[in-house]
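>>> This is a predicted model, with the sequence first.
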2 protein chains.
Amino acid sequence: MTGEAPRRRGRPSRTEREQGPGARTRILEAARAEFAERGYDKTSVRGIAKVAGVDAALVHHYFGSKDEVFAAAIEVSFEPATVIPAVLAEGPERVGERLARYFFAVWENPATRAPMLAVIRSAVTHEAAAKALRTFVLRRLLERVAGDLDVPNPKFRAELAASHMIGIAFARYVIKVEPLASVDQEEIVALVAPTLQRYLTEA
Amino acid sequence: MTGEAPRRRGRPSRTEREQGPGARTRILEAARAEFAERGYDKTSVRGIAKVAGVDAALVHHYFGSKDEVFAAAIEVSFEPATVIPAVLAEGPERVGERLARYFFAVWENPATRAPMLAVIRSAVTHEAAAKALRTFVLRRLLERVAGDLDVPNPKFRAELAASHMIGIAFARYVIKVEPLASVDQEEIVALVAPTLQRYLTEA
């Protein structure tokens, strides 16, 4: 999403140029940090704007509501819209393994793990955050994945695969149950990749 | 756990008999309702005692800390310590399918779904609740399951299976992503049972 033309809404109080170059990127970075640190409920568009050094109106101008800033911050955190299609484009062979590795690339990196944890925490406790995740992120992402699958009921299959990875994230990084929390990721990939492969490719 | 002799800690201000019959059961029901309604953070031993119509000292007497009341309330909600060993005792054939059906029996029943959602919400947002789930519930349960498995690294295998079901609960009941949220449970069982079967029985 970072590379797309910004959406225009309403009229910002000052032009983008006056607020400095890269204002949109600064807003997304600020949003990611604020949501990760404060959680969904305590993060405000005003607070994000302050951290980014821009007017709150510019945040609304680019992204609309807090829900939409949240969704954009998630996307910029782990870039599913960029990475997942690339993973799928390599074809069905070993796609389960490639997805499992992408999952760990996101979760084993502290810089991307923090915002992902914030997303899970927010979605679990606030229906508005759950709705943002469902509506803006998962729907788009899963439709994109499902479009590339040659199985019956592809959206359902993509969701089953995603749900398995969400559950592993919950057990390994949130609850931290042992030995799952400290086992080498390769051991998980070895067992989980065939499951993802089956969901995504076997009729 | 319900059938076990109550643990004795300290000295309650009045004897159990004076606080009425079934005080222990009333405390667990009150705890379940309070954790489900208020979440982990806002639930207190004092509040649970009030709903149960007993002294707070009796709650401490039976269960110890708030964390331990929480763990006991989870166990009484879905009785893993009773059901899971029974599921495993029937032998490895179709064990994945039986576990998947038990999972849905808990989650599709509103009376048990509410406390399970409260558990997930609490564990995600409060390290104390995550620790209670990890220490008192998961460790015992997974050790029990792992003890019956004839696979390498049985605890890890049991956790992978559990993580998949946790992820499905998250996607279906928390985020409510479609079509997973409204598809018939039999469609999920048909695809997920072979995964659980493989994790729990195949070397």
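Looks like it arrived, so ask away.

>>> So what's the gap between the lowest-mean-pLDDT helix or strand in chain A and the chain middle?
Every helix and strand in chain A was compared by mean pLDDT, DSSP states H and E; the lowest is helix A:80-89, with a mean of 75. Put simply, helix A:80-89 sits 13 Å off its chain's centre (CA atoms, centre = their mean, to the nearest Å).

>>> Which strands or helices does it pack on?
Applying 3 or more CB pairs under 8 Å, 6 or more residues apart in numbering or on different chains; DSSP states H and E, one finds that helix A:80-89 contacts helix A:95-107, helix A:139-147. Where you see a C-beta, it was placed from the backbone N, CA and C, and this is true even at glycine.

>>> Tell me which of those helices sits most buried.
helix A:95-107 (a mean of 20; mean count of other CB atoms under 10 Å in any protein chain shown).

>>> I'd like a version of the helices and strands packed on helix A:80-89 in TSV, one that adds mean pLDDT and distance to B:Leu180 as further columns.
Converted to TSV, the helices and strands packed on helix A:80-89 look like this (pLDDT from 0 to 100; distance: least, CB to CB, whole Å):
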stretch	mean pLDDT	distance to B:Leu180
helix A:95-107	89	17
helix A:139-147	77	9
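
>>> Select, out of these, the one closest to B:Leu141.
helix A:95-107 (24.3 Å; CB to CB).

>>> Just the buried residues of the helix or strand following the closest one, please?
Moving toward the C-terminus from helix A:95-107, the first helix or strand encountered (DSSP states H and E) is helix A:110-125. By neighbour count, with 16 or more other CB atoms under 10 Å in any protein chain shown as the criterion, the buried positions of helix A:110-125 are A:112-125.

>>> For the least confident helix or strand of chain A, which outside residues touch it?
For helix A:80-89, contacts defined as CB atoms under 8 Å, 6 or more residues apart in numbering or on different chains pick out A:Met1, A:Glu75, A:Val95, A:Arg98, A:Leu99, A:Tyr102, A:Val137, A:Arg140, A:Leu141, A:Arg144, A:Val145, A:Asp148.

>>> dump the residue contacts of the fourth one.
Contact criterion CB under 8 Å, 6+ apart gives A:Val87, A:Glu90 as the residues in contact with A:Arg98.

>>> For it, give its distance to chain B.
A:Arg98 sits 19 Å away from chain B, going by CB to the nearest CB, to the nearest Å.

>>> Please report the distance of the residue of chain A at minimum distance from chain B from B:Thr125.
Using CB to the nearest CB, the single residue of chain A nearest to chain B is A:Gly167, 2.4 Å away. Counting by CB to CB, to the nearest Å, the gap between A:Gly167 and B:Thr125 amounts to 18 Å.

>>> Now the element after the lengthiest helix in chain A, going C-ward?
For chain A, the longest helix by residue count, based on DSSP state H, is helix A:23-42. Counting by DSSP H and E, the next helix or strand C-terminal to helix A:23-42 is helix A:45-52.

>>> Off-centre distance for that next one?
With CA atoms, centre = their mean as the basis, helix A:45-52 stands 20 Å off its chain's centre.

>>> orientation of the next helix or strand after it relative to helix A:45-52 in degrees?
Tracing the chain C-terminally past helix A:45-52 and defining elements by DSSP H and E, one meets helix A:56-63 next. Comparing the axes of helix A:56-63 and helix A:45-52 via axes from the mean of the first three to the mean of the last three CA atoms, to 10 degrees yields an angle of 100 degrees.

>>> Pull the helix or strand following helix A:56-63 out as CSV, backbone CA atoms only.
Sequence order places helix A:66-78 as the next helix or strand after helix A:56-63, per DSSP H and E. Provided in CSV are the C-alpha atoms of helix A:66-78 (Å, rounded to 0.1, in the frame of the first residue of the first chain):
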residue,chain,number,x,y,z
LYS,A,66,-8.9,5.7,13.1
ASP,A,67,-9.9,2.2,11.9
GLU,A,68,-8.5,2.9,8.5
VAL,A,69,-5.2,4.2,9.9
PHE,A,70,-5.1,1.0,12.0
ALA,A,71,-5.5,-1.1,8.9
ALA,A,72,-2.9,0.8,6.9
ALA,A,73,-0.5,0.6,9.8
ILE,A,74,-0.9,-3.2,9.9
GLU,A,75,-0.3,-3.4,6.1
VAL,A,76,2.9,-1.3,6.3
SER,A,77,4.1,-3.5,9.2
PHE,A,78,4.1,-6.8,7.5
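
>>> hmm, helix A:66-78 touching chain B?
No. Applying CB under 8 Å from any CB of the partner chain, one finds helix A:66-78 out of contact with chain B, separated by at least 12.6 Å.

>>> Show me what that helix is in contact with.
Contact partners of helix A:66-78, identified using CB under 8 Å, 6+ apart, comprise A:1-2, A:27-29, A:31-32, A:35, A:40, A:43-45, A:48, A:59, A:63, A:81, A:106, A:112, A:115-116, A:119, A:122, A:128-129, A:131-133, A:135-137.
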